[in-house]
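Visitor: what would the 3D arrangement of this be:
(chains A and B)
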Amino acid sequence: MTGRYHAPFAEHGSHTIDSDIANRLLKIALGKGGDYADLFFEYSVGGSYVYDEEILKSARRAVSMGLGVRVMKGDATGYAYCEDLSFDAMKQAAETAAQIAAGGRPIAPLAVSTRNTPSRYPVPIESLDVNGEAKRAILERADRAARASDARVIRVDASFSESVREILIANSLGHMARDRQPLIRFGVRVIAEVSGNRQSGSSGGGGRTGLEYFDGKTPEWHAEQAVQQALVMLDAREAPAGEMDVVLGPGDSGILLHEAVGHGLEADFNRKKTSNYSDRMGEEVASALCTVVDDASLQGSRGSINIDDEGQFPARSVLIEGGTLKGYMQDRHSADYFGTTPDGHGRRQSFRSHPMPRMTNTMLLGGQDEPEDVIRSVSRGVYAKKFGGGQVDISNGDFVFSLTEGYLIEGGKVTAPLKGVNLIGNGPDAMRKVVMLGHDFQVSDGIWTCGKEGQSVPVGVGCPTIKIASMTVGGTQMGAG
Amino acid sequence: MSKPEEEANGLLELGRSVVGRAIEAGADVAEAGAHSGSHLSVKVRMGEPELVEEAGSRALGLRVMLGQRVASTYTSDLSEAGQRTLIEDALELASLSESDEFAGPPERSDLSAKSQWKDLDTFDDSVSQISADDALDLSLRGERAAFDFDSRIANSEGASFTRARGVSALVTSGGFAGSDYGTYASIVVNPIADDEGGKKRSGYHWSASRHYVDLEDSQAVGEEAARRTIAQLGAKKLPTQELPVVFDKDAARSILGLFAGCILGGAIWRKSSYLVDRVGTRVASELVDIVDDPLLPKAPGSRAFDGEGLLSRRNVVVESGVLKGYLMDTYSARKLGQKSTGSASRSPSGGISPSSSNLILRASSQSRDELVADTKHGLYVTGMMGFGFNGVTGDFSRGASGFLIEDGKLSDPVSEVTISLNLDQLLQRIDAVADDLDHRTAVASPTFRVSSMTLAGS
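Guide: All right, here's what the predicted structure looks like:
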């Protein structure tokens, strides 16, 4: 074994978990009559570095470790965890979780055996194993480049975070699987000022990769992106208010798919019939141009996983094909309900949380149109380039997105930059209004984190240039639309 | 369960030991925060238990300085090996950091002592006594009340009850040692009704408190949740227009929360706030008074001392619309050439930054109903969506839902519109404040009205 951080529950660790210990714990977990039980061991180490005012101002590291025990009985889940891997502590967690099934007749778990894990993020050297000086140098390069690029830049800060998460899952169906999930994220933020008018700009990326990420996208490149965004925004004007055509740029705009479509297709909401997509399998839910997939297998992407947090093996799930609803994203609980197999979407923030259906890399596939033609087709509208985030109301599909960089389209040309634009709409409604798709599909660089019921997980998004005929643009300028 | 005082003493001892070892290993400054907690969360749905989760946890955060080089580490592994890694990593990272002339602990003379700390009544042992069965019963009653309230409640995202208990201790090589403990209980009910055209309307209501007796009855929570859900049935867009906007206390709190992020010393010296250089100037209408008060008994954000050991104090942020000052920790105060306002917050992972405690917009004497009755035509906002706020410029634009106000009365439900206005202007245009302030949340505001905003819709 190489590298500095290894899970104590791994082979040769201080608290190695083998199939024998797993079996004993699973037996305790099912001791009150549960139908199913699983053990989720997690060891995660995270680090972060902040470069600010031309020095490496802070450095942090965090280690978190524990076991989560889940017991299911019908639709009910019992959950408990411990941070101490002594047998007594683990046994107590298993007994606590077992209570959900109090009064039932115990059934024996099947003996566990290990399943092999695919490799979607072969990282030559994990970032945590590289000396800190190398990361300081990357941040310094970004800082210098941003400062040198324009005199209007008054502030720069750059940050780098890295983590590795080692997981081991064993369940009462006899499966045991492990994974080691590295992740890095880099970001640079600048503030530019001209006579009291201050604007910020930022750029970032990363994924399940090591520092070789910066061979492709250099710190200087990110710095330039951030500076350009801030400078452009110095000239931004008030955004129009009202309904108009919207063109979404490739890559980052995939956040729209994530919100407008993705969440509503997570199987738990459909099992409970609380999603606007419930009971609509096989129906037209988008324009015929739209094919939406959730793909955990993209090499090195932020949302990619080899195994999910229930020990299942995810692949590429087709959610919408040619506008027709084809599939939901399943975890074990929902898959049991729908009578299908779990497809690797059971994810959780940490051992302190139970899994639920979550997205990995959610993407709208590319079309046939020239991106220039898409813009040229709009006489007056908004071009959305960079997004700050979005939110959706699952029950009815209403969503909101905030742009961090957006422009007016006038007479088929991208013209003035716009201040604080929001796009608001309804998922199925907006997807039916997708009238053009570029052939320029891109995966957004790795910055997105998805929140659901208080749990955060890293995700990826991707899409081509998209034209939506009529969306509500939330600006301040009346009559400008 | 052990008494919180005993648990706190154990954590203080752990903190002292880690600080001592870090200093011995070469740190010039060492500060340890130790935490322990336990919680129970249950969820029911459609009359059946869905989740019972119960666990306890402990963690340790360490912040060290070598000269003026800073680093921090965190671990949930409190074994001897875990503590050793915590200390070694902290020192290794500090040697990588670069000297920051403003970094350093507060002056010893500024630190507070036990005799000065107010009892803020944040702990209620009866909260910890609530069993999983009790919690399930409460949740089931809440959900059932929602279903019984109106037959149009056809589905449910469920009802949940959570109780939590936390104890923490802070020990610094600068001479501070203090502990703190609190409890928290909450209940939320989330019913769903079917609207025309296959749309669903999800609504919710919740109650939260430090003491169990202060928690709203779960049946009342369920009924209010149902009332809110039903009221949104038939919600439609409005045409794009400029109009007065009334923010109910939940929406108003969210606006105040945006302002809260712009008055922190860290945002000011980083020039990341539209309120840079604005002390002494008008930042809101003269109807607006805002205080940050960490000393309110039983409130969610209360603390007797701050994250650096300074005595907590009430800070006036806005008085009659004029900005009186920022909320600062020691570092941001030094950057700004001022004194800390006792507003330091220490994250479990060891970092320190200024934060608000209980940030409160003062209530007036007018009732909410009077305020609405006084509005001829307007939008009454009960919910907002999205993240459309830029603190550097104050630009604000978010999705909104609520009701149209016609002739002083709430009328048709509204959804899928956005409201926009720069926060600076928004606060200056507040022309009425109501009296319905409560302290369920650390950032709290009564209902208020903004004289004119842009609504984007159809």
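Visitor: max-length helix in the chain?
Guide: Let's take chain A. Secondary structure of chain A per DSSP state H: the longest helix is helix A:132-149.
Visitor: please go with chain B instead
Guide: The longest helix of chain B (DSSP H) is helix B:4-24.
Visitor: now do that one: everything it contacts.
Guide: B:30-36, B:60, B:62, B:64, B:78, B:83, B:86-87, B:90-91, B:123, B:165, B:167-173, B:177, B:179-181 (CB atoms under 8 Å, 6 or more residues apart in numbering or on different chains). C-beta here means a position set from N, CA and C on the backbone, and glycine is covered the same way.
Visitor: in helices, which of these appear?
Guide: B:83, B:86-87, B:90-91.
Visitor: so which of the residues you listed is the most crowded?
Guide: residue B:90 (31 neighbours; other CB atoms under 10 Å in any protein chain shown).
Visitor: contacting residues for it?
Guide: Residue B:90 neighbours (CB under 8 Å, 6+ apart): A:61, B:22, B:27, B:62-64, B:71-73.
Visitor: what helix or strand is residue B:229 located in?
Guide: helix B:218-231 (DSSP states H and E).
Visitor: next, see if stretch A:106-126 gets close to chain B.
Guide: No: using CB under 8 Å from any CB of the partner chain, stretch A:106-126 never reaches chain B; the gap is at least 15.7 Å.
Visitor: what's the span of that stretch from first residue to last?
Guide: 44 Å (CA to CA, to the nearest Å).
Visitor: mind listing what's buried in that stretch?
Guide: A:109, A:112, A:120-121, A:123, A:126 (16 or more other CB atoms under 10 Å in any protein chain shown).
Visitor: a markdown table for those, including pLDDT and secondary structure?
Guide: Below are the buried residues of stretch A:106-126 laid out as a markdown table (pLDDT from 0 to 100; DSSP: H, G, I helix; E, B strand; the rest coil):
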| residue | pLDDT | secondary structure |
| --- | --- | --- |
| A:109 | 82 | coil |
| A:112 | 82 | coil |
| A:120 | 89 | coil |
| A:121 | 91 | coil |
| A:123 | 89 | coil |
| A:126 | 93 | coil |
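Visitor: between the residues you listed, which sits nearest residue A:170?
Guide: Among those, residue A:112 lies closest to residue A:170 (CB to CB), at 4.8 Å.
Visitor: that closest one and residue A:168: what is the separation?
Guide: Distance of residue A:112 to residue A:168, given as CB to CB, to the nearest Å: 11 Å.
Visitor: what do you get for residue B:389?
Guide: 41 Å.
Visitor: one more: residue A:253?
Guide: 37 Å.
Visitor: in terms of neighbours, single out the busier of those two.
Guide: Using other CB under 10 Å as the criterion, residue A:253 and residue A:168 rank with residue A:253 on top: 28 against 22.
Visitor: contact partners for the more buried one?
Guide: A:384, A:387, A:463, A:466.
Visitor: show me those that map onto strands.
Guide: Among the contacts of residue A:253, the ones falling in strands (DSSP state E) are A:384, A:387, A:463, A:466.
Visitor: most widely separated two among these?
Guide: The span of those, defined through CB to CB, is set by A:387 and A:466 at 12.6 Å.
Visitor: pull the contacting residues for residue A:288.
Guide: So residue A:288 contacts A:322-323 (CB under 8 Å, 6+ apart).
Visitor: let me know the pLDDT of it.
Guide: The model reports residue A:288 with a pLDDT of 97.
Visitor: wait, a helix at residue A:98?
Guide: Yes: assignment of residue A:98 by DSSP: H, G, I helix; E, B strand; the rest coil places it within a helix.
Visitor: what about the residue nearest to it when sequence neighbours are not counted, neighbour count?
Guide: The spatially closest residue to residue A:98, leaving aside those adjacent along the chain, is residue A:32, at 4.3 Å (CB to CB, 6 or more residues apart in numbering or on different chains). For residue A:32, the number of neighbouring residues by other CB under 10 Å comes to 20.
Visitor: mind checking the SS state of residue A:32?
Guide: Judged by three-state DSSP, the three-state class of residue A:32 is coil.
Visitor: and it, how far is that from residue A:195?
Guide: Applying CB to CB to residue A:32 and residue A:195 gives a distance of 71 Å.
Visitor: what residues are up against the closest residue to chain A within chain B?
Guide: Chain A sits closest to residue B:418 of chain B, with a gap of 2.6 Å, by CB to the nearest CB. Residues counted as contacts of residue B:418 (CB under 8 Å, 6+ apart) are A:241, A:400, A:422, A:424, A:472, A:474, B:388, B:397-400, B:455-457.
Visitor: so which bits of stretch A:193-210 are buried?
Guide: Buried positions in stretch A:193-210, judged by neighbour count with 16+ other CB under 10 Å: A:193, A:198-210.
Visitor: could you export that stretch as PDB, CA atoms only?
Guide: C-alpha atoms of stretch A:193-210 as PDB (Å, rounded to 0.1, in the frame of the first residue of the first chain):
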ATOM      1  CA  GLU A 193     -13.400  47.900  -9.400                       C
ATOM      2  CA  VAL A 194     -13.800  51.000 -11.500                       C
ATOM      3  CA  SER A 195     -14.700  54.200  -9.600                       C
ATOM      4  CA  GLY A 196     -16.700  52.500  -6.900                       C
ATOM      5  CA  ASN A 197     -18.400  50.000  -9.100                       C
ATOM      6  CA  ARG A 198     -17.200  46.600  -7.900                       C
ATOM      7  CA  GLN A 199     -18.000  43.300  -9.500                       C
ATOM      8  CA  SER A 200     -16.800  39.800  -8.800                       C
ATOM      9  CA  GLY A 201     -15.900  37.000 -11.200                       C
ATOM     10  CA  SER A 202     -14.900  33.400 -10.500                       C
ATOM     11  CA  SER A 203     -13.800  30.200 -12.200                       C
ATOM     12  CA  GLY A 204     -13.200  26.700 -11.000                       C
ATOM     13  CA  GLY A 205     -13.100  23.000 -11.700                       C
ATOM     14  CA  GLY A 206     -11.800  19.700 -10.700                       C
ATOM     15  CA  GLY A 207     -13.100  16.100 -10.400                       C
ATOM     16  CA  ARG A 208     -12.000  12.700  -9.400                       C
ATOM     17  CA  THR A 209      -8.400  13.300 -10.500                       C
ATOM     18  CA  GLY A 210      -5.000  14.200  -9.200                       C
END
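Visitor: show me the shaky parts of the stretch 201-350 of chain B.
Guide: By pLDDT under 70, the stretch 201-350 of chain B contains no weakly predicted segment.
Visitor: so which residues on it come close to chain A?
Guide: B:201-202, B:237, B:240-242, B:270-272, B:276, B:349-350.
Visitor: repeat that with 10 Å
Guide: Remark: the part of the stretch 201-350 of chain B in contact with chain A comprises B:201-203, B:229, B:232, B:235, B:237, B:239-242, B:269-274, B:276-277, B:335, B:347-350, using CB under 10 Å from any CB of the partner chain.
Visitor: in strands only, show me these.
Guide: Going by DSSP E, the strands hold B:201-202, B:241-242 from these.
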